[in-house]
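Chemist: what's the 3D shape of this:
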Amino acid sequence: LRVVAVDISERACAVATANASLNGLSIDVRCGDLYESLADLEKMFDIITANPPFVASPVSPLRTTTLYVDGGPDCLAITRRILTGAPEHLVQGGRCVILGEFPNIGAATLSTADFDTASADAPATLACQTCKQCPQWLQIFTGMTFTMVYAQAHMQTAAEYSEDRTSTPKEAEEWLQSLTDHGITDVVSALLLARIATTVPQYLTNSDVVCQHATWEAVDADESWIEDAHRLQSV
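Modeler: Residues are numbered from 1 along each chain as shown. Model prediction:
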């Protein structure tokens, strides 16, 4: 088993190296911008995992961009690059798992009338539906299938998201305007699982994108499925 860790921050790489050493682990830690530091690797990966910067923050001269927080005005500046490069670095059937915040998942779910029943072996702790229509920002990634794991209680409207991440009405108004300008109606904390498709369902073509919504019931907005060992195992 070989593990390669990449971060653009030299400090983060130093911490990762120290953690690996303290725990007796052998990890190839590389400092670089996503896939750029992997050019010398001949083998492809079975799985890529990431927890990239994901906060949908406006570009403004009044605020300083934070490297490990800001995901661009639509949450997806880094996430989009990870998904774009994944097929070139994953084996057939490989997976890319991203934990972060994602826009317009609720809008896509509510506007999709054509659902297919999930497979019988779907996790018992999750309510799964597969739809032919993904959020628009996912539709460009053909040849991949996606599963979004999230709780409805964790979804926020653009207005709620703006108010939750600002301290003054003026800041909230600026954030909301930025989200609106980028077509964002809602944001949800979720786990995105992308698979390099090995087969395509008969009702789809090779250019279609399959998106499965795997939802669970959270007690409140602060409850995380990561804290539930049984649910985590199902995912």
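Chemist: now the strands: where do they sit in the chain?
Modeler: 4-7, 28-31, 45-50, 90-103, 115-117, 127-131, 144-151, 155-157, 186-196, 210-216 (DSSP state E).
Chemist: right, and R80 touches F141 too?
Modeler: No: using C-beta atoms under 8 Å, R80 is not in contact with F141, being 9.0 Å away. In this view, the C-beta of every residue, glycine as well, is placed from N, C-alpha and C.
Chemist: picking that back up, how about the strands of the chain in a markdown table, adding mean neighbour count and distance to L38?
Modeler: Converted to a markdown table, these look like this (neighbours: other C-beta atoms under 10 Å; distance: least, C-beta to C-beta, whole Å):
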| stretch | mean neighbour count | distance to L38 |
| --- | --- | --- |
| strand 4-7 | 18 | 7 |
| strand 28-31 | 16 | 7 |
| strand 45-50 | 16 | 9 |
| strand 90-103 | 19 | 12 |
| strand 115-117 | 12 | 36 |
| strand 127-131 | 17 | 32 |
| strand 144-151 | 21 | 19 |
| strand 155-157 | 18 | 34 |
| strand 186-196 | 21 | 17 |
| strand 210-216 | 22 | 27 |
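Chemist: so which of those strands comes closest to L76?
Modeler: Shortest distance between L76 and the strands of the chain, using C-beta to C-beta, is found for strand 90-103: 7.1 Å.
Chemist: Figure out how far the closest one is from the centre of its chain.
Modeler: Distance, stretch centre to chain centre, for strand 90-103: 7 Å (C-alpha atoms, centre = their mean, to the nearest Å).
Chemist: same check, this time on stretch 153-169
Modeler: Stretch 153-169 sits 19 Å away from the centroid of its parent chain (C-alpha atoms, centre = their mean).
Chemist: What of stretch 40-48?
Modeler: Chain-centre distance of stretch 40-48: 20 Å, with C-alpha atoms, centre = their mean.
Chemist: got it, and stretch 38-56?
Modeler: Distance of stretch 38-56 from its chain centroid, counting by C-alpha atoms, centre = their mean, is 12 Å.
Chemist: ends of it, how far apart?
Modeler: 28 Å (C-alpha to C-alpha, to the nearest Å).
Chemist: Equivalent analysis for stretch 154-170, please.
Modeler: 24 Å.
Chemist: ranking the strands of the chain by mean pLDDT, which is last?
Modeler: Looking at those, the lowest mean pLDDT belongs to strand 115-117 (a mean of 40).
Chemist: Could you tell me which ranges of this structure sit under the pLDDT cut-off?
Modeler: Under the criterion pLDDT under 70, the flagged ranges of the chain are 62, 107-133, 198-209, 218-235.
Chemist: Kindly recompute the last result at 50.
Modeler: 110-128, 132, 202-206, 229 (pLDDT under 50).
Chemist: And the helices in it?
Modeler: For the chain, helices defined by DSSP state H occupy the ranges 10-22, 77-89, 105-111, 158-164, 169-181, 229-234.
Chemist: Distance-wise, check the closest residue to D46 other than its chain neighbours relative to R11.
Modeler: Distances taken as C-beta to C-beta, 6 or more residues apart in numbering place G94 nearest to D46, at 5.4 Å, with adjacent residues excluded. Distance, G94 to R11, using C-beta to C-beta, to the nearest Å: 30 Å.
Chemist: Then T17?
Modeler: Distance, T17 to R11, using C-beta to C-beta: 11 Å.
Chemist: Leaving out sequence neighbours, find the closest residue to R63.
Modeler: Closest residue in space to R63, ignoring its immediate chain neighbours: S57 at 7.3 Å, by C-beta to C-beta, 6+ apart.
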